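Engineer: fold the following and give me the result.
(one chain, ligands or ions: 1)
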Amino acid sequence: MATSTTALHPQFRPPRRAPRQFRALPPSSLYSLERPRTRVSVRASAASASAPAQREAASGVPWGCEIESLESAASLERWLVDSGLPEQRLAIQRVDVGERGLVALKNIRKGEKLLFVPPSLVITADSEWSCPEVGAVMKKNSVPDWPLIATYLISEASLEGSSRWSSYIAALPRQPYSLLYWTRAELDTYLVASPIRERAIQRITDVIGTYNDLHDRIFSKQPDLFPEEVYNIDTFLWSFGILFSRLVRLPSMDGRVALVPWADMLNHSPEVETFLDFDKSSQGIVFTTDRSYQPGEQVFISYGKKSSGELLLSYGFVPKEGTNPNDSVELLVSLKKSDTCYKEKLQALKRNGLSDYESFPLRVTGWPVELMAYAFLVVSPPEMSQCFDEMALAASNKSSSKPGFSYPELEEQALQFILDCCESNITKYTKYLEGVDNSLQVSMNAKQASRTLLLKQLARDLCISERRILYRTQFILRRRLRDMRGGELRALSLFNGLRKLFK
Ligand SMILES: C[S@@+](CC[C@H](N)C(=O)[O-])C[C@H]1O[C@@H](n2cnc3c(N)ncnc32)[C@H](O)[C@@H]1O
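Structural biologist: Numbering: from 1, shown residues only. Down below sits the predicted model:
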């Protein structure tokens, strides 16, 4: 998911191996956050009194704060200033978008550099461990950056005040908004129509697989250094949730990933195009404003050009309908099993690294040429078998000859095929959105009920945004097909007219 610019989190790739089940999992579920948990008994939580819905899904960690806590944010600010953060033109405040955010204290001009967080206040894979023995074991095992930083965060959090990051960790949300905290049943129920459901399942499976891998290879071998009360699936869900929603890739630091305290209080706006990076001249992490701000206005950065589904997946929010210019929805298309050329087509696809089902992103502005190429292949008759490879190549995104690529004789059928796929997806969304009963049939207390309400709202917002793109695609496709068919009809009646004349 890393974009060429600084996305707030880069691609997460856990070790490549089949994820194993976490031992404590009930065998019936792929994963579950509902099992009895080993609790970290490190210290009392620094929580404020209220505990809104989102945080109640899984029993969490005893560190961090409620997401809207300003007390912990104020002590974070004091600690940062004492540790070398220069005077700021911004302050952490409660905001309308994103609960806590950075707000302008003074007039800020377009093109100004802000923040200047020194590298000494940034967490990277090279940061010093407060417990050096733990760090040495992780390094000896060549743990990649993501799981290394996730473990680092847990290790530092468990040390409470003895960690230099204690003020930072106390200001991190105890349960970051993230699909990692949705149970399998919630994903199946609320995201039944959305392709994001699959991605969330995959991501949770990856995180559990990564934890299992670390546990088997490292933690279980040295339980004195890695006690299960600290290094367990709950703490890893938390730390990965923090990384997915706060880690940045810094292009000017060779693309290294980092947690940047203070900068990670900035919320995302799809309307701005400014990203965090290391500034060589000031030797700090900065971003350059792409608009002006007045005192009291919330200042935003971009987390990257992400669809609403991707934002929900990593950051746990969905932008208001129609406000995300980078929005897209994946359309799943597949070869027809009944096709007499199924085998030949599948071979052509395989030769080009594709399979008999693929998804392609639809946007309100249109669909990719690769989707059109795949559709050409799906609808091709046997007499066009010599074109199968060319079509599969064009669908694979590897072809350089794509722009001129066209089969006028198949165009109508290919467009109709895409339209049919779109319409069947629209039906799924509509069924979900109009479903009188898309609630989980479980008894709940008030907190669980309000959490459920929040998840349903997020799911509804996502489904409405994704269905909107499908509606738009349907409209364009229908119009094109109508024009094509209208053209054919006109040509036919002209032909019949001429025939009569000559008769
Ligand atoms: C990098 S943190 C930003 C600081 C965060 N608001 C906090 O108080 O800690 C990313 C998180 O902020 C929230 N967020 C960021 N942009 C948002 C937006 N446009 N709308 C709603 N929530 C947003 C989400 O909870 C996301 O997971």
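Engineer: rest of the way, CA atoms for contacts and neighbours
Structural biologist: OK.
Engineer: for Tyr374, which non-adjacent residue is closest in space?
Structural biologist: Ala395 (5.2 Å; CA to CA, 6 or more residues apart in numbering).
Engineer: and the one you found, how many neighbours does it have?
Structural biologist: For Ala395, the count of nearby residues is 27 (other CA atoms under 10 Å).
Engineer: that one against Phe360, yeah?
Structural biologist: No: in terms of CA atoms under 8 Å, Ala395 does not count as a neighbour of Phe360; the distance is 9.6 Å.
Engineer: need the overlap of contacts for the two.
Structural biologist: Residues touching both Ala395 and Phe360 (CA atoms under 8 Å, 6 or more residues apart in numbering) are 370-371.
Engineer: with adjacent residues omitted, what lies nearest to the residue sitting nearest the centre point of the chain?
Structural biologist: In the chain, the residue lying closest to the centroid (CA atoms, centre = their mean) is Glu310, at 3.2 Å. In this structure, Glu310 finds its nearest non-sequential neighbour in Ile196, 7.6 Å apart by CA to CA, 6+ apart.
Engineer: so who does the one you found touch?
Structural biologist: Ile196 neighbours (CA under 8 Å, 6+ apart): 309-310, 313.
Engineer: what parts of this protein come near the ligand?
Structural biologist: Contact residues, the chain versus the ligand (CA under 6 Å from any ligand atom): 67-68, 97-101, 177, 245-246, 264-269, 315-317.
Engineer: out of the residues you listed, which are buried?
Structural biologist: 67-68, 100-101, 177, 245-246, 264-269, 315-317 (16 or more other CA atoms under 10 Å).
Engineer: from those, which is closest to Phe287?
Structural biologist: Nearest to Phe287, judged by CA to CA, of these is Leu266 at 10.7 Å.
Engineer: isn't that closest one up against Val299?
Structural biologist: Yes: counting by CA under 8 Å, Val299 is a contact partner of Leu266 at 7.1 Å.
Engineer: any common contacting residues for these two?
Structural biologist: Common neighbours of Leu266 and Val299 (CA under 8 Å, 6+ apart) are 101-102.
Engineer: before we move on, back to that, quick one: contacts for the residue nearest to Tyr374?
Structural biologist: 369-374.
Engineer: from Ser269, how far off is it?
Structural biologist: Per CA to CA, to the nearest Å, Ala395 is found 33 Å from Ser269.
Engineer: neighbours of the residue in the stretch 401-503 of the chain positioned nearest to the ligand, how many?
Structural biologist: Proximity of the stretch 401-503 of the chain to the ligand (CA to the nearest ligand atom) peaks at Leu458, 10.6 Å away. Using other CA under 10 Å, the number of residues around Leu458 comes to 19.
Engineer: show me what contacts it?
Structural biologist: When contacts are taken as CA under 8 Å, 6+ apart, Leu458 is in contact with 312, 317-318.
Engineer: TSV for those, including pLDDT and secondary structure?
Structural biologist: Below are the contacts of Leu458 laid out as TSV (pLDDT from 0 to 100; DSSP: H, G, I helix; E, B strand; the rest coil):
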residue	pLDDT	secondary structure
Leu312	97	helix
Phe317	96	coil
Val318	96	coil
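Engineer: can you tell me which of those residues is nearest the ligand?
Structural biologist: Of those, the one sitting nearest to the ligand (CA to the nearest ligand atom) turns out to be Phe317, at 5.1 Å.
Engineer: how much space separates the residue nearest to Glu310 from Glu271?
Structural biologist: From Ile196 to Glu271 the distance is 23 Å (CA to CA).
Engineer: now do Leu121
Structural biologist: Relative to Glu271, and taking CA to CA, Leu121 is found at 29 Å.
Engineer: again, but for Ala348
Structural biologist: For Ala348, the distance to Glu271 - CA to CA - is 41 Å.
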